Structure formats: C-alpha cells, structure tokens
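>>> Coordinates for the following, if possible.
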Amino acid sequence: MKTIFFISAVIFLSFHGSNARLPKHFEEKMQRGCADEMKKLTPEEKKIIENDELPVTEDGKCYVTCGLRQIGSVKDDKINIEVAFANFEELMKNKTIKDIMISIASDCLKKENNFVAYSGCELGFKFMQCLFKNSEFEKVKDYLEEEYSPKKNATQEESKKSSNINMKEDLK
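Take a look at the predicted model:
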C-alpha cells in the first residue's frame, strides 16, 4: 500500500491511489498517528483506497478521519477549516487550484452545516465524501498528482544535486 495520505488529507485520500508523494512531514504524521487504523484495514479496503475511492466500512472511515486529525483538519470532533486552508496553502502553489479547493471545502461546510450532524469516524469521512463529489475536485487531484509525482520530485532532487555540485566546483 502506498504511504500517501492527504489533505486534507483532502488531499490525503485523493493521493492515496496515486504515485504522488506529499511533503515528508505530512506523510510522517499520518503514518505514525494512523498506524493502528491502517492495521485494521482489510486487503479489500486497501484496494479501494488505492483506487482513489473512499472506504465505507467503519474501519475505513476511521482511517480517513484519523488522517485528517493527524494533519489538524479535524479537531475536537469538528472540521478545523482554518488548518485545512493552511494545509491547502502549503500544498498548492498554484493560486487557481488553491482557490478551487477552498471554494469546494467552503461549499461543503455550507451545504452540510459545518458537519455538526456527524461525529467520530463519520465526521472526516463525510467531509471527504463531500469534497470527492464536487466535479471541480478532479482538477485539484490532477494538479496534486502532477505536483507531487515521484518523477517530478526525482527531477527536482537531481537538479538540486547538480546545482550543489556546480556550486562546490565554483568554490574551488
């Protein structure tokens, strides 16, 4: 199973089935904080997540909500939209995509009355479900998969190494 989990995990699940790699601190928080929930997932649930779908079992919902808790988007049985927006800000350098994501999340909060009807594992699941249902979410997902693709990250790392080597040679 791939180690990614966003937004916001929002982002969190949208990445799960892709080859994208989120910034290390996001991955580490989710891996450490949700290890128990991950162990409870069946192979079928893992496959569902890898296919960019939301697991509808209780254990699957708990895994989704755990990831959102780890990155601060769910806190005290509420959607913490300020933290979610800050996560969007960090993950999405493209202003148009960031604005789309903020609009989607805001619409979900309005439509679901801030998700006050949900608690426990259902809360994060319902939030993610609402995000996934928005037709504009595909644009966000496509952007994030491209932005955090292993190929792009490898190219950036090679570029940094090459730059460092050139700097060292220039110093000689």
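
>>> next SSE after the helix or strand that E45 is a member of?
Here E45, judged by DSSP states H and E, is contained in helix 43-50. Scanning forward in sequence from helix 43-50 by DSSP H and E, the next helix or strand is helix 58-70.

>>> Which secondary structure elements does that following helix sit against?
Under the contact criterion of 3 or more CB pairs under 8 Å, 6 or more residues apart in numbering; DSSP states H and E, helix 58-70 touches helix 10-16, helix 24-33, helix 35-40, helix 43-50, strand 74-75, helix 121-133. All C-beta spots, glycine's among them, are computed from the backbone N, C-alpha and C.

>>> Deepest-packed of these, please.
Among these, judged by mean count of other CB atoms under 10 Å, the one packed with the most neighbours on average is helix 10-16 (a mean of 28).

>>> returning to that earlier point: select, out of the helices and strands packed on helix 58-70, the one closest to C62.
helix 121-133 (4.0 Å; CB to CB).

>>> Rounded mean pLDDT for that closest one, please.
Helix 121-133 carries an average pLDDT of 92.

>>> If you count contacts, what does that helix end up packed against?
helix 10-16, helix 58-70, strand 74-75, strand 78-79, helix 95-111.

>>> can I get the CA coordinates of that helix in CSV?
Taking C-alpha atoms only, helix 121-133 is exported to CSV below (Å, rounded to 0.1, in the frame of the first residue of the first chain):
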residue,chain,number,x,y,z
CYS,A,121,-15.2,8.4,12.3
GLU,A,122,-18.2,9.6,10.3
LEU,A,123,-17.1,13.3,10.5
GLY,A,124,-13.9,13.1,8.4
PHE,A,125,-15.5,10.5,6.1
LYS,A,126,-18.5,12.8,5.3
PHE,A,127,-16.2,15.8,4.7
MET,A,128,-14.0,13.8,2.3
GLN,A,129,-17.1,12.4,0.6
CYS,A,130,-18.4,15.9,0.0
LEU,A,131,-15.1,17.0,-1.4
PHE,A,132,-14.9,14.0,-3.7
LYS,A,133,-18.4,14.6,-5.1
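
>>> C-terminal to that helix, what's the next element?
helix 137-147.

>>> how much does that following helix deviate in direction from helix 121-133?
Helix 137-147 runs at 90 degrees relative to helix 121-133, counting by axes from the mean of the first three to the mean of the last three CA atoms, to 10 degrees.
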